[in-house]
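>>> Here is a sequence together with a model predicted from it:
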Amino acid sequence: MKNRLEELRREKGIRQEELAAAMAVSRQTIGSLENGRYNPSLTLAFKLAHYFDLSIEEIFIYQEENE
Amino acid sequence: MKASTENKYKAISAVWAILGALFLIGASAVFLMRNDMPQIPRADIAYIGFLVVGIIFLILAIAVSCMAKDKDALIEENDERTTIITGKAGNLAFLTQTVLLCSALFLLCFMGFANAPVMITLMCLIAVSVFVYLISVLYYNKKM
């Protein structure tokens, strides 16, 4: 799933480690999220949305998988 | 980190400590009764096995207890991505282990290597593993 996580993080001027600490996850999780290799749980998605004061849809872009 | 997570680790640490203590008590009992156990081939050094296992379990209890106090370690341990990865890897490892162990048991039996202590140990190992797996599935089915 595509997302704007890296863009939003850089706009806020914080490192992956800082965002990871704020979300209580590992830095590798934030890295994988930004690369689109991992999709967050609902709880983590809501936490991220609340952190950036945006809705989940404004951060994560759902696309239908092409068969 | 949530208090419930810390309490969970403290409970796990307590379980390891109790198991370690039980094995140490077992070591003492085996050591004291070493001359009265003719059914054990090496009753003279059997207590060493219990002692080593008990010490390892106590070390694990201390390690888990230290982890409960280290916020970064708790985050790494409970990280959702790590949990998914270790869960998937664990499932695969369990399946591999069970299939290979059952196959080995069957083959060894028919090859005539049916030594009673070894066979019983392997069968108990398989039975306990499968039992724990089934109980876990029932528990998580109910919880989720």
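The structure has been received and is ready for your questions. Numbering: from 1, shown residues only, chains lettered A, B, ... in the order given.
>>> okay, CA-based contacts and neighbour counts for the rest of this
OK.
>>> Just give the closest residue to the residue of chain B found nearest chain A, not the sequence neighbours.
Using CA to the nearest CA, residue B:79 is the residue of chain B that sits closest to chain A, at 5.0 Å. Excluding its sequence neighbours, the residue lying closest to residue B:79 (CA to CA, 6 or more residues apart in numbering or on different chains) is residue A:25, at 5.0 Å.
>>> The one you found reaches residue B:74, doesn't it?
No. Contact status for residue A:25 versus residue B:74: not in contact, 9.5 Å apart, counting by CA atoms under 8 Å.
>>> List the buried residues for the lowest-mean-pLDDT helix or strand in chain B?
Here the helix or strand of chain B ranked lowest by mean pLDDT, DSSP states H and E is helix B:71-78, holding a mean of 80. The neighbour-count check on helix B:71-78 (16 or more other CA atoms under 10 Å in any protein chain shown) flags B:72, B:74-76, B:78 as buried.
>>> Could you single out the nearest of these to residue B:19?
residue B:74 (22.9 Å; CA to CA).
>>> returning to what we had before: the least confident helix or strand of chain B - contacts with which helices or strands?
helix B:46-69 (3 or more CA pairs under 8 Å, 6 or more residues apart in numbering or on different chains; DSSP states H and E).
>>> Using CSV, write out every CA atom in the helix it packs on.
Output of helix B:46-69 as CSV, limited to C-alpha atoms (Å, rounded to 0.1, in the frame of the first residue of the first chain):
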residue,chain,number,x,y,z
ALA,B,46,22.2,-37.6,36.5
TYR,B,47,21.8,-34.6,38.8
ILE,B,48,24.1,-32.6,36.6
GLY,B,49,21.5,-32.6,33.8
PHE,B,50,18.8,-31.3,36.2
LEU,B,51,21.3,-28.7,37.6
VAL,B,52,22.3,-27.3,34.2
VAL,B,53,18.7,-27.1,33.0
GLY,B,54,17.6,-25.4,36.3
ILE,B,55,20.4,-22.9,36.0
ILE,B,56,19.6,-22.1,32.4
PHE,B,57,15.9,-21.5,33.3
LEU,B,58,16.9,-19.2,36.1
ILE,B,59,19.1,-17.2,33.8
LEU,B,60,16.2,-17.0,31.4
ALA,B,61,14.0,-15.7,34.2
ILE,B,62,16.6,-13.0,35.0
ALA,B,63,16.9,-12.0,31.3
VAL,B,64,13.1,-11.7,30.9
SER,B,65,12.9,-9.7,34.1
CYS,B,66,15.6,-7.3,32.9
MET,B,67,13.8,-7.0,29.6
ALA,B,68,10.6,-6.0,31.4
LYS,B,69,12.4,-3.0,32.8
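>>> Not counting its own residues, what contacts it?
If you take CA atoms under 8 Å, 6 or more residues apart in numbering or on different chains as the criterion, helix B:46-69 is touched by B:6-7, B:9-10, B:12-17, B:19-24, B:26-28, B:30-31, B:34, B:73-74.
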